[in-house]
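Student: fold the stuff below for me.
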Amino acid sequence: MVDRDAAPETVRTNPAGIVDLIVQASRAFARHDMSTYAAALAYHTLFSLFPFIIFFLALLSYLNLAEMFTWIRGHAQLVLPPSAMAQLNLVLIEVQVPKAGLLSTGAALSLWLSSRGVRALMNALNVAYGAAESRPGWKRIPLSIAFTLALVAMLIAAALLMTIGPRALQWLSAQIGLKTLFVITWTWMRWPAVLVLLMVGVASVYYAAPNVAHRFQLLSVGSALSVTAWITGSIGFSYYVEHFSSYSVIYGSLGAVIVLLLYLYLSAAVLLFGAEINAVIAHNAAPDLTTVPDSAVSLQPRPPQARE
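Tutor: Modelled structure (predicted):
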């Protein structure tokens, strides 16, 4: 069994080297067939995305945030072909009128479909750590739903920071006399705040998803590399789609969906690769382990009190 609380110190005093670490994680990624898990996660995410968008837009209609709809249209025009944009405009016009049924139905459907994706993620991380799933379904399903709600809350908070943060501060400064310097500073500081939220989300996934008894780490090697790779990859992928790809020409209105599915797949692969890195470090921290085993559970499962 591995004492996970001692793992960070062991990794610092006896490092395998970043190159060797990446090589070990890459081999484990291929051996565990994580590309298949990434495809499943991308599918579940895409399948739950549209009900979530409907729920989110219906919620905005109750909050009377017309600027948000304008922001959505402006950014959607950058990636969607004209035919898909026309369909999106119809949806935006429809959901701007508050409808309680649309809000509740979208919330329930999105929550259930998203929780299925979280359970698929839990299975993938169990494979990465070589851990058996011993949590019963009546505990695992509520955990996946609670985890989904937490991730959605962080996504909404990040979206609010990116979109209405400066506007809210301008209004607040007019009410209580904040200095202009504070408003300007926060306008720039919201991006590090979004980065912190992203780090918290990834760290929470790596902590709660696998059935392994370990302590929470906000900053781990896996989370740092996965977040860095995801941000860099997102920028590069966006640049490629904008300047070099011809999805809309080849696939027509389906081009946007194909691009989105590919982006979700790459994002899931990066997330799972970060988990493999953390799993390699956890196994290398044990005195009697030098590589990640092909099979056999070598990490302690969560005790019953930790799974309540």
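Student: just the helices from the chain, written as ranges.
Tutor: 7-13, 18-31, 34-63, 66-79, 82-95, 100-129, 137-163, 165-176, 180-208, 221-243, 247-251, 255-284 (DSSP state H).
Student: which stretches of the stretch 151-300 of the chain have low pLDDT?
Tutor: 156, 158-187, 241-256, 286-300 (pLDDT under 70).
Student: measure how buried residue 86 is and give me the count.
Tutor: Neighbour count of residue 86, defined by other CB atoms under 10 Å: 11. (C-beta placed from N, C-alpha, C; glycine too.)
Student: ok, residue 32 - contacts?
Tutor: Taking CB atoms under 8 Å, 6 or more residues apart in numbering, we find residue 32 in contact with 127-128, 276.
Student: redo that, cut-off 10 Å
Tutor: Contact partners of residue 32, counting by CB atoms under 10 Å, 6 or more residues apart in numbering, are 124, 127-130, 272, 275-276, 279, 292, 294.
Student: narrow these to just the buried residues.
Tutor: Neighbour counting with 16 or more other CB atoms under 10 Å marks 124, 127-130, 272, 275-276, 279, 292 as buried within the contacts of residue 32.
Student: closest to residue 42 out of the residues you listed?
Tutor: For the buried ones among the contacts of residue 32, the closest approach to residue 42 (CB to CB) belongs to residue 272, at 11.0 Å.
Student: related to what we said a few turns ago, need the contacts of residue 32 in a markdown table with distance to residue 263, can you?
Tutor: Conversion of those to a markdown table gives the following (distance: CB to CB, whole Å):
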| residue | distance to residue 263 |
| --- | --- |
| 124 | 18 |
| 127 | 23 |
| 128 | 22 |
| 129 | 26 |
| 130 | 29 |
| 272 | 15 |
| 275 | 19 |
| 276 | 21 |
| 279 | 25 |
| 292 | 28 |
| 294 | 31 |
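Student: quick one: which of those is nearest to residue 18?
Tutor: residue 276 (14.2 Å).
Student: ok, that closest one - contacts?
Tutor: Counting by CB under 10 Å, 6+ apart, residue 276 has contacts 21-22, 24-32, 34, 124-125, 127-129, 222, 226, 292.
Student: what do you get if the cut-off is 6 Å, keeping everything else the same?
Tutor: Shown in contact with residue 276 (CB atoms under 6 Å, 6 or more residues apart in numbering): 25, 28-29, 128.
Student: just the buried residues out of those, in PyMOL syntax.
Tutor: Buried residues among the contacts of residue 276 (16+ other CB under 10 Å), as a PyMOL selection:
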select buried, resi 25+28+29+128
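Student: export the contacts of residue 276 as a markdown table, with columns for pLDDT and distance to residue 56.
Tutor: Putting the contacts of residue 276 into a markdown table (pLDDT from 0 to 100; distance: CB to CB, whole Å) gives the following:
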| residue | pLDDT | distance to residue 56 |
| --- | --- | --- |
| 25 | 89 | 35 |
| 28 | 91 | 36 |
| 29 | 93 | 33 |
| 128 | 89 | 31 |
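Student: so which of the contacts of residue 276 comes closest to residue 88?
Tutor: residue 29 (35.6 Å).
Student: thinking again about what came up before, out of the helices of the chain, the one nearest residue 215 is which?
Tutor: helix 180-208 (7.9 Å).
Student: what packs against the closest one?
Tutor: Applying 3 or more CB pairs under 6 Å, 6 or more residues apart in numbering; DSSP states H and E, one finds that helix 180-208 contacts helix 137-163, helix 165-176, helix 221-243.
Student: list the buried ones in that helix?
Tutor: Those would be 183, 186, 190, 194, 197-199, 201-208, for helix 180-208 by 16+ other CB under 10 Å.
Student: go on, stretch 112-122?
Tutor: Neighbour-count burial for stretch 112-122 [16+ other CB under 10 Å]: 113-122.
Student: which among the buried ones among the contacts of residue 32 gets closest to residue 38?
Tutor: Nearest member of the buried ones among the contacts of residue 32 to residue 38, counting by CB to CB, is residue 272, at 5.7 Å.
Student: in contact with the closest one, which residues are there?
Tutor: By CB under 6 Å, 6+ apart, the neighbours of residue 272 are 34, 38, 124.
Student: give me the distance between it and residue 141.
Tutor: 22 Å (CB to CB, to the nearest Å).
Student: same question for residue 193.
Tutor: For residue 193, the distance to residue 141 - CB to CB - is 32 Å.
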